[in-house]
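In: A structural model of the following input is requested.
(3 chains)
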Amino acid sequence: MIVAERKPLSEIIKAVAPFEKVLVLGCGECVTVCMAGGDKEAKETAAAMVIARSKAGKPLDVKTQTVERQCEFEYLESARKLVEEADVVVSLACGVGIQTMNIHYAEVQTLPGVNTTFMGLPLQQGVWVENCLGCGNCVLEETVGICPIARCSKSMLNGPCGGSQDGKCEVSKETECGWHLIVERMMKFDKLSALEEVKPPKDWATSHSGGPRKMVREDVKL
Amino acid sequence: MSMSNLQKVFASGAFAVTGELGPPKSAERKKIEHHAHLLKNCVDAVNLTDNQTAIVRTSSIACGRILIEEGLDPVIQITCRDRNRIAIQSDVLGAVALGMKNILCLQGDHANFGNEPSAKNVNDLDSMNLIQSLRKMRDEQLFIGGEKLEAPIDLFIGAVENPFADPFEYRAYRLAKKVEAGADFIQTQAIFDMDRFELWMEKVRQLGIHKKIPIMAGVIPIKSLGAARYMKNNVSGMIVPDAIIDRIKSAENKKEEGVKLCVEMIEHLKTVEGVAGVHIMAVAWEEIVPEITERAGLLPRPKFD
Amino acid sequence: MSKIVYNESSAVTKYPPCQGGCPVHTDVQEYVRQIAVGDYDKAVAAITAPNPLASVCGMICAHPCETECRRKDVDEAVSIRALKRFALENGNWPEVEKAAVTRTERVAVVGGGPAGLAAARALAEAGVAVTIFERSAEAGGAITNFIPHYRLPMDSMRKDVSRVADLGVEIKTGVELGKNFSIDALASEYQAVVLALGLPTSRGIPIPGSDAEDVLLALPFLNSAKYDNFSFAPGRNILVIGGGNVAMDVARQAIRCGAESVKLACLECGATMPAFAWEIAEALEEGVEMFPAWGPKRIITDEAGKITGMEVQEVLSVFDEQKRFNPRFGTGLNIIPVNTVIFAIGQGNDNLSYLTESGIELTERGILKYDMRTMQTTRPGVFACGELVFGPGSAVKAMSSGQKVALAVQSFLDNLPFDANLADRYEVLGMLSPATVEKVKRSPRLSVPLLDEHTRVQHNEHVEIGYDEQKALCESRRCMDCAAGAECIDEICALCLTCLRTCPYGVPQIDEDGIFTIRNEECQACGLCVGICPARAIRFRDNYVQHALEQLGDALKQAKGNDNPATVVFCCSYGAFAERDFQKYINNGKPQNLAIVRVPCVAKVEVQNILEAFALGAEGVFLAGCEQEEECSYHDAAKWAGKRAGRAQEILAELGLEKERIEYLSLTPAEVRDFAPVAERFLTKVESLLNGRGGEEQ
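Out: Next up is the predicted model:
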């Protein structure tokens, strides 16, 4: 799923300073699951904004609504009434949803209420980690299911750098060395010899480096 | 194509010695020249670090040219952290055009460590790709993308390995892979845990790597207790046993103890089968290198025409 | 009876209004669809299952299904009754198996009309030994006795009756209750009795002159015309009094009996005449001159007592605000010159006073006292059903009553309570929303061919020619498959909205609260959503599509095992593909290596079906659909079928197989009727691909 975190409240409050009627729009998918931007967070954020603004003596009219998914135009329709009544929208969806809002409701600004961070999973309740960068050319078969692009801080393809110690990355003791995990898993499947092959430089053109990506399926286009 | 001085030393079978010079955080040519002179007659070649620890310093290749003009043999370092393949290949051509031959390939410490933690870590290539690509440029006259170089170039390709990183069982294999990829010589991370190094070397010998290419063991003279502690706790991939810390701690003249320790290690390394030389990384203490090399019996350095 | 598969998560299943409106709840949608795909045998099975008088209904049913048909909101109702007739005349009927008698009790049914026949059949199917006591020479009740030949050939009636007898129901004719036997006599032999006596007495109006000669009553006249070859002397000018169906029958029969002219007057105005609209129309065509909203005041006779005319008075209204029959007359008067009057103003039951001797009470007006809930008379164990208790109505309504009384009787025999109101709870779909109506492709209702109005009045032959195959296939396609279409499997649905964007009818919707639903009640069952849903979270309520696609395995098995490469064609099963010529091609004419899988609309074929064909050994697959604009009653079918084929081709290309192995063809009816060369072209292409000649055209 896409993981995001709510922006610092001060940032959000500053962003809506020029406005008087705000809609805080939550999203029912990823950001709900990672507790950054669902209905609950929308209401929390709204309440925080009300508190801050009344303290500042500049009351704010805040409404909230949550739609099924903010990245689909049709689901955004159910928010039309509140969007049209607001001066500005603060969206708690991921960057995709925020931008979709700006496309669909072009006449109003939808500002980000969260920082969208990564694609990852909840390793356990309350802990989410990044493990896919969307490089566009998956090599997980070679590394037995652990991604060297996302899990290695340097996206190395040919094994760990010299900074790997005790299974941790040089960047932080909290970060596991992705290659350490790969090597262990390869040993488990007796595939370590596959590491002898020198992998050539990665073609980054399939990643965002090659430009914003697009996928088209002619067979389902209307 | 002529061999670099370092190459000649290896070829002659003599125990090689290299030093290291960390460029300044300025464009002061004089400083570079000064440190170069300190090292001139006591080492066979001098490594020029490439924004080591992700701290911005004068470029390795630029310093390499300065060293050549001062009569030394530079070992250029190229990390994968700061440049993409276009820039790297371009820099390699520039380095060779300016007379350099020895290029050491590294991945590079993560930018988080340095003075520009917000910088983008490029890592278009990893160090293995880098070694392979340099070999391709030299032996096949091809760029990574497949186009032909307009004229051949000659390189002496170096790589690093860290016997003190994990997974330990894998480290010798990684070295073998670098040799496969095209490494011509190796320099290791600084040794303090000799037992572990010997263990690693045994594995390396089992794999026959020492017969394929020269392996230089890295050493760092400890300047102070603080320095020792720093290396133990803050430098990734370094193991400094407590015994060493204690030894320095209990010494009256820490500097002297550090030199003594370094010399002892070098003497020992001369006897380890498969070690073809020693790489002395007296960073910020280049002036101590003449003394160390003297006391370790490494002088005079061989001269070739 | 119904193949509707319930969505477990929905509380109530709503039936299509045709099925709900049919008193015996025939699965109309099922049989109309079977006709549309050329499976007449299956249509017959669906028709005859709930309906003991299928042939009769196929001819003369009042078709409340058509009145309720949702298609009428689009253009016109589907011509269901005529389709029913077509199926029954063109499909094979299932054999009637004798019903096993599993109960010791015996039941007597008095009256062999629709209600009695239906009650008897239902009881027999429930394992009860039943005997029908019919006073006429033949069973059938009003249908046999009064419905004219030109509307219903007697063959139909006899076929239906014989099937009831084949079940094991004993039918005794020529025996009359109150004359030949009594209730008490029955009660001694039978554990329950059902009175299905109907309304066989014609009523007259006691206006002045109604006792004149040449004043006839409807039912005796019709019976005489039917069985006694009755014909009028020359120069008879008839006035029929009445505005209902019987009056129409009388008027039209009178023409055929040689009347010089036939007029008709009734209290109701033209718009509210109770006769069916089509009966009125056909009567007008045949030359009946009608005077609606004129009430009979007196019959004018001359000195010899012969009728010279009818004085009629203008009618202002027939029913009062309380909806009671309470005609109000105006001052206008007129005289219609006629010399014969036939009253067709209503029927009543025979004189039932003899029943009181057996403890069965009547009201003061001589009508059976009856408990509508238990369906019993005042004598326990004696039941009543049909027109006898609910008043004049259609045959199918009488049958429904007979089926209910059968349930009442069984409860009685089992000593269980029974409430007729609870026996028939049918929730029915509401109207199609205007937004959906707008999007349905228009297609006019095909009128049922009749003999022309001039020739047909000269004899009593059946006037309706009926649909031929092409018309039947075309008309049946107008059915919108109400309640048979898509429903969302909520547990799997990813709410991705692909179906919403694809559906040409706007069936999936997000409501104002942002909740997504697939509104099954609006669905046209075109199947585009099922094929495109990435989660496979949409299914059809009715599983006929699934069944169609499951034919693939067997069809391919038969196509393999000869020297030629097995090839599959997924073809539509509507239109020309449903005609018998195409069926003949499938059964006799096709090459052995061609497997034909008929699917109701080829846009329902999914990419995986095509790949499955290859995985099972086919070397080529083509999709053959109807020509989009003219033929296909759905939107976008050809487009999506083409896209499916395209996607399957892409996948094949990744596997190194030539794209030419898959093709989508949009065929005109002419091409379908001459399918052999179409198939041949594709088969040859596949062969040449296999032989490595790279797809050369021959």
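
In: Quick check: which ranges of chain B have low pLDDT?
Out: For chain B, the stretches flagged by pLDDT under 70 are B:1.

In: Which residues of it lie near chain A?
Out: B:80-81, B:85, B:107-110, B:112-113, B:121, B:123-129, B:132-133, B:144, B:160-162, B:164-167, B:170, B:173-174, B:176-177, B:180-181, B:189, B:236-237 (CB under 8 Å from any CB of the partner chain). C-betas here are computed from N, CA, C, even on glycine.

In: could you redo the last one with a cut-off of 7 Å?
Out: Neighbours of chain A within chain B, by CB under 7 Å from any CB of the partner chain: B:85, B:107, B:109-110, B:112, B:121, B:123-126, B:128-129, B:132-133, B:144, B:160, B:162, B:165-167, B:170, B:174, B:177, B:180-181, B:189, B:236-237.

In: May I see the ChimeraX selection of the buried members of those residues?
Out: In ChimeraX, a selection of the buried entries from those looks like this (16 or more other CB atoms under 10 Å in any protein chain shown):
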select /B:85,107,109,110,121,123,124,125,126,128,129,132,133,144,160,162,165,166,167,170,174,177,180,181,189,236,237
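
In: Which ones among the residues of chain B next to chain A map onto helices?
Out: With helices taken from DSSP state H, the overlap with these comprises B:R85, B:M128, B:N129, B:Q132, B:S133, B:Y170, B:R174, B:K177, B:E180, B:A181.

In: so which of those comes closest to chain C?
Out: B:N129 (29.3 Å; CB to the nearest CB).

In: ok, and the closest non-adjacent residue to the closest one?
Out: Of all residues not flanking B:N129 in the chain, A:P201 sits nearest, at 4.4 Å (CB to CB, 6 or more residues apart in numbering or on different chains).

In: what does B:R57 give?
Out: B:P23 (4.2 Å).

In: Quick one: residues contacting the one you found.
Out: B:I32, B:L48, B:T49, B:R57, B:T58, B:C63 (CB atoms under 7 Å, 6 or more residues apart in numbering or on different chains).

In: do the same with B:I222
Out: B:I222 touches B:A228, B:I248, B:G258, B:L261, counting by CB under 7 Å, 6+ apart.

In: cool, B:R83 as well?
Out: Per CB under 7 Å, 6+ apart, neighbours of B:R83: B:D91, B:V122.

In: now do the one 10 residues further on
Out: Applying CB under 7 Å, 6+ apart to B:L93 gives the contacts B:I153.

In: you'd agree C:F418 is up against C:D371?
Out: No - contact criterion CB atoms under 7 Å: C:F418 and C:D371 do not qualify, at 10.0 Å.

In: more crowded one of the two?
Out: Using other CB atoms under 10 Å in any protein chain shown, the more surrounded residue of C:F418 and C:D371 is C:F418, with 20 against 14.

In: that older thread, give me the neighbour count for the residue nearest to B:N129.
Out: A:P201 has 19 nearby residues by other CB under 10 Å.

In: all helices of chain B, in order?
Out: Using DSSP H, helices in chain B cover B:5-12, B:29-39, B:60-69, B:85-97, B:127-135, B:168-181, B:194-206, B:209-212, B:225-234, B:242-250, B:254-271, B:289-295.

In: Of all those, which one comes closest to A:V183?
Out: helix B:168-181 (5.3 Å; CB to CB).

In: Shouldn't C:V315 be within a strand?
Out: Yes - secondary structure of C:V315 (DSSP: H, G, I helix; E, B strand; the rest coil): part of a strand.

In: before we move on, the earlier item: among the contacts of B:I222, which one has the most neighbours?
Out: Most surrounded of those: other CB under 10 Å gives B:G258, at 26 neighbours.

In: My guess is it contacts B:R247. True?
Out: No - counting by CB under 7 Å, B:G258 sits too far from B:R247 to count as a contact (9.4 Å).

In: circling back to that earlier point, so which pair among the contacts of B:P23 is furthest apart in space?
Out: Among the contacts of B:P23, B:I32 and B:T49 lie farthest apart (CB to CB), at 12.1 Å.

In: ranges for the helices of chain A?
Out: Under DSSP H, chain A gives helices at A:9-15, A:30-33, A:39-55, A:73-76, A:80-85, A:95-104, A:148-151, A:178-188.

In: Between those, which one is closest to C:R644.
Out: helix A:73-76 (23.9 Å).

In: Quick one: neighbours of whichever residue of the stretch 1-150 of chain B sits closest to chain C, just the number.
Out: Residue of the stretch 1-150 of chain B nearest chain C, by CB to the nearest CB: B:G146 (25.8 Å). When counting by other CB under 10 Å, one arrives at 8 neighbours for B:G146.

In: Let me see the contact set for it.
Out: With CB under 7 Å, 6+ apart, B:G146 has no contacts at all.

In: again, only using 10 Å
Out: Going by CB atoms under 10 Å, 6 or more residues apart in numbering or on different chains, B:G146 touches B:K136, B:E140.
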